[in-house]
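Asks: coordinates only, sequence not included:
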C-alpha cells in the first residue's frame, strides 16, 4: 500500500544559512557546466525561484534535502535574501530522517532522467546501509523505481568487485561492441574471486576476429576446389605459379607476332 507523505509547509529561508549535507545528494557528478550554473543564477534573478528548495528542520538547523544547484545559485545572488522552501517532516515517516531525506533527493533527480546508473546504485545502497531493515518494496516506493530496477542496481553495487564496478561506472547499461548489460549482470552473480576472469573472457569473446590474410601459396593449394572445367583450373594454377616465379612468363614466338 502506498504511503502518503505528510503535507509540506512553505517557509522562507536564507539559502546561505541552510546546512548542506552532500551525503544526501544522489548526484555525484554535476551534469551542469559553470556556464549552465551562471544561466540558472541569471534565470532566478530574472524570474525568481520557481521550484522551491526542499528542507527539513532538525533542532535549530535547517538542512537542505533537494535543490543543491538552486541553493548555490540563490546564495550567490544574495546571502541575506530569503527564498521559498518546502519544509518536510520526515520524522513522521516510518523509515527515519536519513533514509527519507536521501530517498527524496534521489526521487527528485530521477524525475530529471539524467542521473548516471552508478549514481542511482550508490544512493540506493547508501539508503539501505543507513536503514538495514528496509525492504525492497519500501526502498522502491521511496525513490520511485520499479522493484526490478532497484534490485538490479543494488546487486551490481553490493556484489561487483572494484574492477567490474569501474566498468559499470564507465558504461552504465550501454556497452561497446557485442557486450550487453546482461553480460555484466551474469558476472556480478558469480563469486567475487571469479568475476574479473569471467569479465575478461566476455571482453575477449566480443572482440571481432581478425581476418587471416591468405597468401598465393594458400590459393595454390586450393585450386582443386575452384568451380569450373579442368582447363580453367589449370589456367588458374599456371597463373599462380607464374606469380610465385615458379614458371616463366609466357612469351609469344616471333612468327606468331608477325603480321
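Replies: Happy to help now that I have it. This one's a predicted model, so the numbers in the text were calculated from it and none came from an experiment.
Asks: going by C-alpha atoms from here, please, whenever you check contacts or count neighbours.
Replies: Noted.
Asks: pLDDT below threshold where in the stretch 51-200 of the chain?
Replies: Along the stretch 51-200 of the chain, segments meeting pLDDT under 70 span 90-115.
Asks: please enumerate the helices of it.
Replies: Along the stretch 51-200 of the chain, the stretches classed as helices by DSSP state H, counting those that start in this stretch are 68-77, 97-112, 117-130, 136-143, 147-159, 162-171, 181-188, 192-206.
Asks: measure the closest residue to residue 72 other than its chain neighbours to residue 41 for me?
Replies: Residue nearest to residue 72 in three dimensions, not counting chain neighbours: residue 15, with 7.6 Å by C-alpha to C-alpha, 6 or more residues apart in numbering. With distances taken as C-alpha to C-alpha, to the nearest Å, residue 15 is found 13 Å from residue 41.
Asks: and what of residue 129?
Replies: The gap separating residue 129 from residue 41 is 35 Å, by C-alpha to C-alpha.
Asks: more crowded one of the two?
Replies: Neighbours of residue 129 and residue 41, each counted by other C-alpha atoms under 10 Å, are more numerous for residue 41; the result is 22 against 12.
Asks: domain-wise, how is the chain divided?
Replies: With domains defined by automatic domain parsing, the chain comprises 9-112, 210-248.
Asks: so which of the ones you listed is the most packed in?
Replies: Greatest average neighbour count among those goes to domain 9-112 (a mean of 17), per mean count of other C-alpha atoms under 10 Å.
Asks: chain neighbours aside, what residue packs nearest to the residue nearest to the spatial centre of the chain?
Replies: In the chain, the centroid-proximal residue (C-alpha atoms, centre = their mean) is residue 172; its distance is 2.4 Å. Spatial nearest neighbour of residue 172, excluding adjacent residues (C-alpha to C-alpha, 6+ apart): residue 117 at 5.5 Å.
Asks: does that neighbour touch residue 174 like I think?
Replies: No. Between residue 117 and residue 174 there is no contact under C-alpha atoms under 8 Å: 10.4 Å.
Asks: have a look at the two and say which one is more surrounded.
Replies: residue 117 (15 against 11).
Asks: what sits against that one?
Replies: Applying C-alpha atoms under 8 Å, 6 or more residues apart in numbering to residue 117 gives the contacts 153, 169, 172-173.
Asks: just the residues contacting the helix or strand that residue 35 is a member of, thanks.
Replies: Using DSSP states H and E, residue 35 sits in helix 34-47. Under the criterion C-alpha under 8 Å, 6+ apart, residues 50, 69-70, 73-74, 76-77 lie in contact with helix 34-47.
Asks: off-centre distance for it?
Replies: Chain-centre distance of helix 34-47: 28 Å, with C-alpha atoms, centre = their mean, to the nearest Å.
Asks: what angle do it and helix 68-77 make?
Replies: 70 degrees (axes from the mean of the first three to the mean of the last three C-alpha atoms, to 10 degrees).
Asks: quick one: closest of the domains of the chain to residue 185.
Replies: Of all the domains of the chain, the one in closest proximity to residue 185, counting by C-alpha to C-alpha, is domain 9-112 (22.0 Å).
Asks: pull out the buried positions in stretch 134-150.
Replies: Residues of stretch 134-150 classed as buried: 136, 138-145, 150 (neighbour count, 16 or more other C-alpha atoms under 10 Å).
Asks: sorry, that was for stretch 116-127
Replies: The neighbour-count criterion (16+ other C-alpha under 10 Å) identifies 116, 118-127 as the buried residues of stretch 116-127.
Asks: do stretch 174-190 as well
Replies: Buried residues in stretch 174-190 (16+ other C-alpha under 10 Å): 184-185, 187-188.
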